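In: What would the 3D arrangement of this be:
(one chain, ligands or ions: 1)
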Amino acid sequence: MDALEILSDLENVFPYFQPIFSADEQRVIAYEVLGRYQSDGDVISLGPFFHDDQIPDEYKYEVDVLLVKKALERAMDLDEDVLVFLNRNADLLMYGHGEPFLQELLTFERGGLSLKRIVLEISDRNYQGDLDQFDHLIQYYRTYGIKIAIASIGSESHYFERIGELEPDIIKINLQALKSTATGLNFNDVLFSLSLLARKIGATLLFENIEMSYQLQFAWKNGGHYYQGFYLHSPAAEFIDRDLLNFRLKEKFHDFITYEKKKLEAVLTTAEYFQATVQEIVVRNKKVGYETLFESLIKEMDKIAFRMYVCDEDGFQKSANIFKGENGWNIQSDYINKNWSWRPYFLENIIKMRHDQRGRLSDLYCDIETGETIRTYSFPMNGNEYLFIDIAYQYLFEHDQLL
Ligand code: CA
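Out: The predicted model follows:
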């Protein structure tokens, strides 16, 4: 793309708008502004122009400010609660210390466009300048009510750090990473951490690049409040009817909810089945040692479990591990007296069991030793003994509503 061609032909530079939908209202709540250039009847993206390091910043600024103007003029026609996302990389944002851009926005504010509707989608990737100054500018913009969105890409720890520092209003999560199932689990973990972080700082999660139904389901299931992607709507020159997808989204949610409820039911039913089985065995083996107890449990749960042990309520292991290896069950005595209270949810789980006097089936997680996805069934034997039974992946796989 020839930069000079574009600069000498600015009337053919114009914005495209990609709608962003909200989960709670199932309607358009925002548009992301994307730069386009029309050349010989083809509409091409200005993305490469803005990402080209060879093109001087003042050229980029000139094209950008024109796009912003054209976009915001159009945005005046939108309902007053619709947000406008503007992409800003750090170099562009810092141009002229951020002052010319702010003046442009303030002109629109005087024209009646509240700056609370502006979301700056910032990226400081590859930024060579002073990050402190950049952060300072962001905070300054915020004093005008302008919102900040940060795009998180995959697992780059840099982004976690930046999210912590900038405390954005919105975190954008790119679902392209979810396409390859090979990285699926890893992405899940990253996402889980991101959603915890988002919750902690009060940020909204926006999933972008939703291209298929299962990605929308994933976004819905993982706390996504806002959705964006070709599966919902492509970027276009015109705004769309806000309620265009209302019916379709309601239908999709209905499917997701039905599916999820079935899974939750399956987990509860399984927990009840384990409860009945384990309780009967524990009561029957009240006065015998752990070894006899485990023998009875193995008889019933040989095809279900792969590891069992008993802890006290502070997490100190009182029994050995009974572990099912390739050659059957064996005893691992060196686990006696190890402590597990530091593990996530451990104490919370103990307290809940003590309170309810019932066993619990955990969520899915990755077993550190075997690397497999498992669940743990835990059961309060009495006031100070808690039985833990790790459920094998094979069993979950055969009862796939548990996965
Ligand atoms: Ca973007």
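
In: residues in contact with Y140?
Out: Going by Cβ atoms under 8 Å, 6 or more residues apart in numbering, Y140 touches G98. All C-beta atoms are positioned from the backbone trio N, CA, C, and that covers glycine.

In: Okay, buried residues for stretch 132-146 please.
Out: Judged by neighbour count (16 or more other Cβ atoms under 10 Å), stretch 132-146 contains these buried residues: 134, 137-138, 141-142, 146.

In: between those residues, which is closest to I118?
Out: Here the nearest of those to I118, counting by Cβ to Cβ, is I146; it sits at 4.9 Å.

In: Quick one: residues contacting that closest one.
Out: Contacts of I146 (Cβ under 8 Å, 6+ apart): 105, 115-116, 118-120.

In: The same query, at a cut-off of 10 Å, please.
Out: By Cβ atoms under 10 Å, 6 or more residues apart in numbering, the contact list for I146 reads 86, 102, 105, 115-120, 138, 140, 169.

In: nearest to the ion, of those residues?
Out: L86 (9.2 Å; Cβ to the ion).

In: The closest one is in contact with K70, isn't it?
Out: No - contact between L86 and K70 fails when scored by Cβ atoms under 10 Å: they sit 11.9 Å apart.

In: Give the intersection of the neighbour lists for these two.
Out: Common neighbours of L86 and K70 (Cβ under 10 Å, 6+ apart) are 15, 33.

In: any idea which element K250 lies in?
Out: helix 246-284 (DSSP states H and E).

In: List the buried residues of that helix.
Out: 249, 252, 256, 267, 270-271, 274-275, 277-278, 281-282.

In: Go through the residues you listed and say which is closest to the ion.
Out: Nearest to the ion, judged by Cβ to the ion, of the buried residues of helix 246-284 is L249 at 21.7 Å.

In: For the closest one, which non-adjacent residue is spatially closest?
Out: Nearest residue to L249, sequence neighbours excluded (Cβ to Cβ, 6 or more residues apart in numbering): Q26, at 4.0 Å.

In: swap in R284?
Out: S296 (6.8 Å).

In: same deal with D312?
Out: That would be N384: by Cβ to Cβ, 6+ apart, it lies 5.2 Å from D312.

In: dump the residue contacts of the one you found.
Out: 310-314, 318, 354.

In: Against Y309, how distant is it?
Out: Per Cβ to Cβ, to the nearest Å, N384 is found 15 Å from Y309.

In: who's more crowded, L86 and K70?
Out: L86 (23 against 16; other Cβ atoms under 10 Å).

In: Just want the phi and psi numbers for that one.
Out: Phi and psi for L86, reported as degrees, to the nearest 10, are phi -120, psi 130.

In: That one bridge partners, please.
Out: Beta-bridge pairing for L86 (DSSP bridges): V33, L120.

In: now swap in A305 and tell me
Out: With DSSP bridges as the rule, A305 is bridged to I391.

In: Now do the contacts for it.
Out: So A305 contacts 274, 294, 297-298, 322-324, 329, 374, 376-377, 388-392, 395 (Cβ under 10 Å, 6+ apart).

In: Let's see which of those end up in strands.
Out: Members of the contacts of A305 lying in strands (criterion: DSSP state E): 322-324, 329, 374, 376-377, 388-391.

In: Which one of the residues in the stretch 101-250 of the chain is closest to the ion?
Out: E121 (4.9 Å).

In: Give me the pLDDT for that residue.
Out: Note for E121: predicted pLDDT of 95.

In: And it, how far from G98?
Out: 15 Å.

In: cool, and I331?
Out: Taking Cβ to Cβ, one finds I331 at 66 Å from G98.

In: who has more neighbours, those two?
Out: G98 (19 against 14).

In: which SS class is the nearest residue to the more buried one once chain neighbours are set aside?
Out: Spatial nearest neighbour of G98, excluding adjacent residues (Cβ to Cβ, 6+ apart): L137 at 4.5 Å. At L137 the chain is in helix, as set by DSSP: H, G, I helix; E, B strand; the rest coil.

In: In this structure L137 contacts Y127, no?
Out: No - if you go by Cβ under 10 Å, L137 and Y127 don't touch, sitting 12.0 Å apart.

In: Quick one: the strands in the stretch 51-200 of the chain, in order.
Out: Along the stretch 51-200 of the chain, counting by DSSP state E, counting those that start in this stretch, strands occupy 83-89, 118-123, 147-152, 170-174.

In: Mind putting these into TSV with distance to H158?
Out: As requested, these are exported to TSV (distance: least, Cβ to Cβ, whole Å):
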stretch	distance to H158
strand 83-89	15
strand 118-123	11
strand 147-152	10
strand 170-174	14
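
In: of all the residues in the stretch 251-400 of the chain, which ones are close to the ion?
Out: Residues of the stretch 251-400 of the chain lying close to the ion (Cβ under 5 Å from the ion): none.

In: Tell me where the stretch 301-403 of the chain has helices.
Out: 346-356, 393-398 (DSSP state H, counting those that start in this stretch).

In: What helices and strands are in contact with the last one?
Out: Identification of packing neighbours for helix 393-398 by 3 or more Cβ pairs under 10 Å, 6 or more residues apart in numbering; DSSP states H and E yields strand 305-311, strand 373-382.

In: out of these, which comes closest to E80?
Out: Per Cβ to Cβ, nearest to E80 of the helices and strands packed on helix 393-398: strand 373-382, 46.7 Å.

In: Quick check: buried residues in the closest one?
Out: In strand 373-382, counting by 16+ other Cβ under 10 Å, buried: 374-381.

In: packing partners for it?
Out: If you count contacts as 3+ Cβ pairs under 10 Å, 6+ apart, strand 373-382 packs onto helix 246-284, strand 305-311, helix 346-356, strand 360-361, strand 365-366, strand 385-391, helix 393-398.

In: Right, I'll leave it there.
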